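A.B. asks: Test case, fold it:
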Amino acid sequence: MTSLPAPRGFFTSLDRATQNKLTRVGRLRSYEAGEVIYRQGEPSAHVRLLMSGTVKLTARARGRETLLEIRVPGDLLGEREVLKSQSPTGRATHHATATTLRPTRVAVVSSTDFAKFIKSEPSAWPAIAQDLETRLSEAESRISGISAEGANRRLARAILALSMSTAMAEVKRSSLEFSQAELASWIGVSRETVERVMRDWRKRGIIETGYRRITVLRLDTLMSIAGMHRAPVA
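C.D. replies: Here you go, the predicted model:
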């Protein structure tokens, strides 16, 4: 069995002095749950450092919206677009829409200030490269799992991964705010399949569901379905 992934993010890869330098050039902004930070196709002129909360990235193509990624504290938002804007091709636009899933605070850094920061700090580029590599590996693992694993295991892994607090050994129950359609797009199955699996889990007392909310009641059972185990208490 595999363990849940450890918390990761660009910000956590920097030393304290470098972290302070980055936050000093940013301005704090707060969002309520469900607010849009930026929309797909809008010009990109800032990087956001996620200080607290959770943000989902979605993209719409041919009339269908797909859940691309979840960002958590320590992650950057809009960094790809800003890095692209520094290239000879010029200013970029956002490739996705960023929406908060819970009350969220971000440090907003202009593209100019962020470019100066990564040029002046030797540890910044390696941290960005490592973060991008981690995201790529996670995406590849998720995509390979779509063909290699059953819907039950894929859905259990998705719920556990999206609910970051379940990585803590002392947690007994955990909630997350996603629709069944979003989870279906995330793991590459139909909404009907997600509904069927969740109906079975509700009958077994593993989860409770409400409007856009899933509460895990039996974490150990869900981890067993996912083929995972809790991280040991430090």
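A.B. asks: those strands in this protein, which residues are they?
C.D. replies: Secondary structure of the chain by DSSP state E: the strands cover 2-3, 27-31, 36-38, 46-52, 55-61, 64-71, 76-77, 97-100, 104-110, 174-176, 207-210, 213-216, 228-229.
A.B. asks: Let's have the ones you listed in CSV, adding distance to Asn152 and mean neighbour count.
C.D. replies: The C-beta positions use only the backbone N, C-alpha and C, and glycine is treated the same way. Shown next, in CSV, are the strands of the chain (distance: least, Cβ to Cβ, whole Å; neighbours: other Cβ atoms under 10 Å):
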stretch, distance to Asn152, mean neighbour count
strand 2-3, 16, 10
strand 27-31, 34, 14
strand 36-38, 33, 18
strand 46-52, 31, 22
strand 55-61, 23, 17
strand 64-71, 19, 16
strand 76-77, 32, 24
strand 97-100, 28, 21
strand 104-110, 31, 21
strand 174-176, 18, 19
strand 207-210, 12, 14
strand 213-216, 14, 18
strand 228-229, 13, 18
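A.B. asks: Which of these sits closest to Ala184?
C.D. replies: strand 64-71 (8.9 Å; Cβ to Cβ).
A.B. asks: partners of the closest one in the sheet?
C.D. replies: strand 55-61 (antiparallel) (DSSP bridges).
A.B. asks: Identify all contacting residues around the partner strand.
C.D. replies: 37, 40, 65-71, 75, 77, 95-101, 104, 178, 182 (Cβ atoms under 8 Å, 6 or more residues apart in numbering).
A.B. asks: Taking their axis directions, that strand and strand 27-31 sit at what angle?
C.D. replies: Angle, strand 55-61 to strand 27-31, by axes from the mean of the first three to the mean of the last three Cα atoms, to 10 degrees: 70 degrees.
A.B. asks: Output strand 55-61 as CSV, restricted to C-alpha atoms.
C.D. replies: Extracted in CSV, the C-alpha atoms of strand 55-61 (Å, rounded to 0.1, in the frame of the first residue of the first chain):
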residue,chain,number,x,y,z
VAL,A,55,-8.4,26.7,-5.4
LYS,A,56,-9.6,24.6,-8.3
LEU,A,57,-8.4,25.2,-11.9
THR,A,58,-11.0,24.4,-14.6
ALA,A,59,-10.9,24.8,-18.4
ARG,A,60,-13.8,24.9,-20.9
ALA,A,61,-13.4,23.4,-24.4
